[in-house]
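*Asks:* Prediction below, plus the sequence it came from.
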Amino acid sequence: MSDSKAFRQEIRTWLEENCPESMRTKAKPEEQVWGGRNIQFPSEDARVWFERCVEKGYCVPDWPKEYGGAGFDQKQTRIFQQEMARLNCRPPQVNLGIWMAGPAILEFGTEEQKREHLPKIARGEIRWCQGYSEPGAGSDLAGLQCKAESDGDEYVINGSKIWTSYADHSDWIYCLVRTDSDAPKHNGITFLLFDMASEGVEAKPIELITGETHFCQTFFDNVRVPKKNALGEENKGWTVAKRVLEFERDMMSDMESTAVNSGQSPRSIGQKFLGDDEGRVTDEVFRQAIARHEVQRRGLEMSQQRMIDEYMQGVGDPRVAMIFKYVGTEEEKSKYELMVKMAGEYSLGWGEGYTENEIQMTKDWMGAKTHSIAGGTSEIQLNIIAKRALGLPEK
Amino acid sequence: MSLAFNEEQRSLKDTARDFANDNTPVEALRKLRDSQDEQGYSKEHWAQMVELGFGGVIFPEAYGGFDFGVKGLAGCMEEFGRTLTVSPLLSSVALSGSLILEAGNEAQKNQWLPAIAMGEKLVSVALEESSRHNPQGVALSAEKVADGYKLNGKKTLVMDGHVADLLLVVARTSEQAGEQDGISLFLVDPKAQGVEVQRTTLTDSRNYARVEFSDVIVAQDALLGEEGQGFAPLDKALDVARICLAAEMFGGIQEASERTVEYFKERKQFGVLIGTFQALQHRAAHMYTEVQVCKTILMDALNALESQDDNAPALISGAKAKISEVAELVSNEAVQLHGGIGVTDELDIGLFLKRARLSQILLGDERFHYDRYATLSGF
């Protein structure tokens, strides 16, 4: 116990001494530091904060030291996150490599792959994107058709991927490709890593209902990739893919706390638009709805802790993890619907006459619609729960 | 504090589960209902439960308990909720016991708490007066007279009131109905002159009564706590009972949803198990997510209560509200998803529906508690 207390104190002191004041606020979208070849810093403080964290391995605190991490175990990582949250420290670096590619390489990569890729993610040198969905393969992900044909030591890739977030700004992609068209669909997929600067790669942004364009469709025209870039064995990529989907679900169920948003809550909106002098929300129906949201939100957040506590007590249940993406993203949607109802036109502004923050609320409301679709729709989550948590039979 | 039960709490909970499975399965409730049992609960089972210590879980050792905390009792309530066990645990122990513990003087605590813990006495709180839970709406009057008080008014939904040895009557000694000030608590013998107890039979086959007080004279020492200051201890005791009831409801929710999932794996239509239908799978899966959230919310509120956090009352209201909502969802879904057999008396699912709805309104439904949560949270 005293060990973890000392550890907590050490982290706390380091953060207090090293995290610049201006990095202790929620970052706006343009203030986030995305790792990669074209890394840019919105301020000197952001650079300093990033560099200090890189030096300590704090962009990826739970990765082993030899790959650029801080080598923290699960408990230490949690303490680190709690202390970061306590000071409201911004993430020093944002990168799909940190949440998805890196953990996959750690789990499935060869020693050579780990040494090649992980330190570059930890140091913010390479930015990753994900090539999963295709125009014809959304929820039926394993039905993907993007083809990788064997040619000596190389694959030749032809096809396209969709919803590749920030593909136009990314350096490398982890991509699901079909290497065997005759096998049952799950058995002919390979998990491939390659450079987006390769000849024949083209990324075109897609405009969303939010007005934002961070998703792309990405086209591959005879792109040549060394076979040694496969993560895991050829045709066994589905195993890796499923694991990465779990990382994605974990990441997305936590959207609420990491997302860049207007910073408004149903309570603050209710008090602002419908509150009396004492902060009492005068409309009883909305008051109830705000309370319902807060209770559900806390229940969801504390469920993460409950899972850990149950493991500590030796009564852990892995099925609980399956609820987070569904409950989190659905709750987020109803939260914004509630806010829109209370703020009326002030949460539906799109331009002239509305403040930046008001327009952000509009975008948050619409952005939430993408979260229950991306990374496995809510309906897919329910399929997973039915099958794996409840053991319901398949046809 | 951990959001999981510790080893001691689990062991107590296991004892409760074994007892309930062996002695008070749902069949026991049917028997009480069908025989129109006069007591309304099995004295024999209650004696056994007391023997196992369930009556003294939350009381300090000085009053015949073993100071195991509300979290310990809640784990047991969850198990008893799974089998729809009928006992005075909620009325006499969780609610009345807590109220005496909160408001009573030393003599009152010594007189009543060990007797409650040992099952020698059954004590009921007479609180409700209208269709909805409304503690500060109490209007039953207690008028100061020469050497005591004179009570006039009516109470309803008094849990186990028809067999109570003592009633804890929530009355108004001053101010207006709707105000927290002016509420006083009285120990009243149900056999006293002017007290009329009428047993009421409700759909859940548990035990309730209406009690009418006509010029009932009680002595000065019948006062529990300070005159006019009864609301605060009442609110605290209600919170203990609310979270225990929520735990019991959570047991029922789990049982009803699990039985439904099991049915999905047995029942065939169109030549296949109905559990293969995606429309049904999604409803079961959604219930599962709600059950999991309820579990966390319940444990979170219990922890807040145990560590005496300032936000404990708000979290308890949040838990009672959320669990009430999910109890409605799950009990309705369980009936619907069983189809025709779900609306027969033969299947237990209907009993879970009935219990769920009573428990939902008992001690405040979701509307009451979300509003209380908002008030306590400053909005």
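*Replies:* Now that the structure is in, tell me what you want to look at.

*Asks:* Return the distance of the residue sitting nearest the centre point of chain B relative to chain A.
*Replies:* Most central in chain B under CA atoms, centre = their mean is B:Leu245, positioned 3.9 Å from the mean C-alpha point. To chain A, B:Leu245 is 17 Å away according to CB to the nearest CB, to the nearest Å. Just so you know, the C-beta spots here come from the backbone N, C-alpha and C atoms, and that holds for glycine as well.

*Asks:* Please list the residues of the stretch 201-350 of chain B that sit near chain A.
*Replies:* The stretch 201-350 of chain B has residues B:261, B:264-265, B:272-273, B:275-276, B:278, B:281-282, B:284-286, B:288-289, B:292-297, B:299-300, B:315, B:318-319, B:321-322, B:325 near chain A, with proximity defined as CB under 8 Å from any CB of the partner chain.

*Asks:* Just those residues: which are in strands?
*Replies:* B:Val272, B:Leu273 (DSSP state E).

*Asks:* buried subset of the residues of the stretch 201-350 of chain B next to chain A?
*Replies:* Buried members of those, counted by 16 or more other CB atoms under 10 Å in any protein chain shown: B:261, B:264, B:273, B:275-276, B:281-282, B:284-286, B:288-289, B:292-297, B:299-300, B:315, B:318-319, B:321-322, B:325.

*Asks:* By proximity to chain A, which residue of the stretch 51-200 of chain B wins?
*Replies:* B:Gly75 (12.1 Å; CB to the nearest CB).

*Asks:* Could you list which residues are in contact with that residue?
*Replies:* The neighbours of B:Gly75, taking CB atoms under 8 Å, 6 or more residues apart in numbering or on different chains as the test, are B:Phe5, B:Gln9, B:Arg10, B:Leu12, B:Lys13, B:Ala16, B:Ala247.

*Asks:* Out of these, which comes closest to B:Val138?
*Replies:* Minimum distance to B:Val138 across these is 26.2 Å, recorded for B:Ala247 (CB to CB).

*Asks:* Leaving out sequence neighbours, find the closest residue to that closest one.
*Replies:* The shortest distance from B:Ala247 to any non-neighbouring residue, by CB to CB, 6 or more residues apart in numbering or on different chains, is to B:Ala74 (3.8 Å).

*Asks:* residues near that neighbour, how many?
*Replies:* The tally of other residues near B:Ala74 (other CB atoms under 10 Å in any protein chain shown) stands at 30.

*Asks:* Check A:Arg24 too.
*Replies:* 16.

*Asks:* Could I get the contacting residues of it?
*Replies:* A:Leu87, A:Asn88, A:Cys89, A:Arg90.

*Asks:* Also A:Leu192?
*Replies:* Counting by CB under 8 Å, 6+ apart, A:Leu192 touches A:Ala148, A:Tyr155, A:Ile157, A:Tyr174, A:Cys175, A:Leu176, A:Val177, A:Val225, A:Asn229, A:Ala230, A:Leu231, A:Gly237.

*Asks:* now it: how far from B:Val293?
*Replies:* A:Leu192 sits at a distance of 38 Å from B:Val293 (criterion: CB to CB, to the nearest Å).

*Asks:* Just the ones of the buried ones among the residues of the stretch 201-350 of chain B next to chain A in helices?
*Replies:* If you go by DSSP state H, these have B:261, B:264, B:281-282, B:284-286, B:288-289, B:292-297, B:299-300, B:315, B:318-319, B:321-322, B:325 in helices.

*Asks:* Show the residue spans covered by the helices in the chain.
*Replies:* No chain specified, so I'll use chain A. A:2-18, A:44-56, A:74-86, A:96, A:102-108, A:111-122, A:237-253, A:255-258, A:266-274, A:284-312, A:324-343, A:356-371, A:378-384.

*Asks:* that's the wrong chain, I meant chain B
*Replies:* Along chain B, counting by DSSP H, helices occupy B:7-23, B:26-34, B:43-51, B:69-82, B:98-103, B:106-117, B:231-264, B:278-306, B:312-338, B:349-361, B:366-376.

*Asks:* TSV for the ones you listed, including distance to A:Leu390 and mean pLDDT?
*Replies:* As requested, the helices of chain B are exported to TSV (distance: least, CB to CB, whole Å; pLDDT from 0 to 100):
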stretch	distance to A:Leu390	mean pLDDT
helix B:7-23	21	98
helix B:26-34	22	97
helix B:43-51	33	97
helix B:69-82	18	98
helix B:98-103	37	98
helix B:106-117	40	98
helix B:231-264	5	98
helix B:278-306	6	98
helix B:312-338	13	98
helix B:349-361	17	98
helix B:366-376	26	98
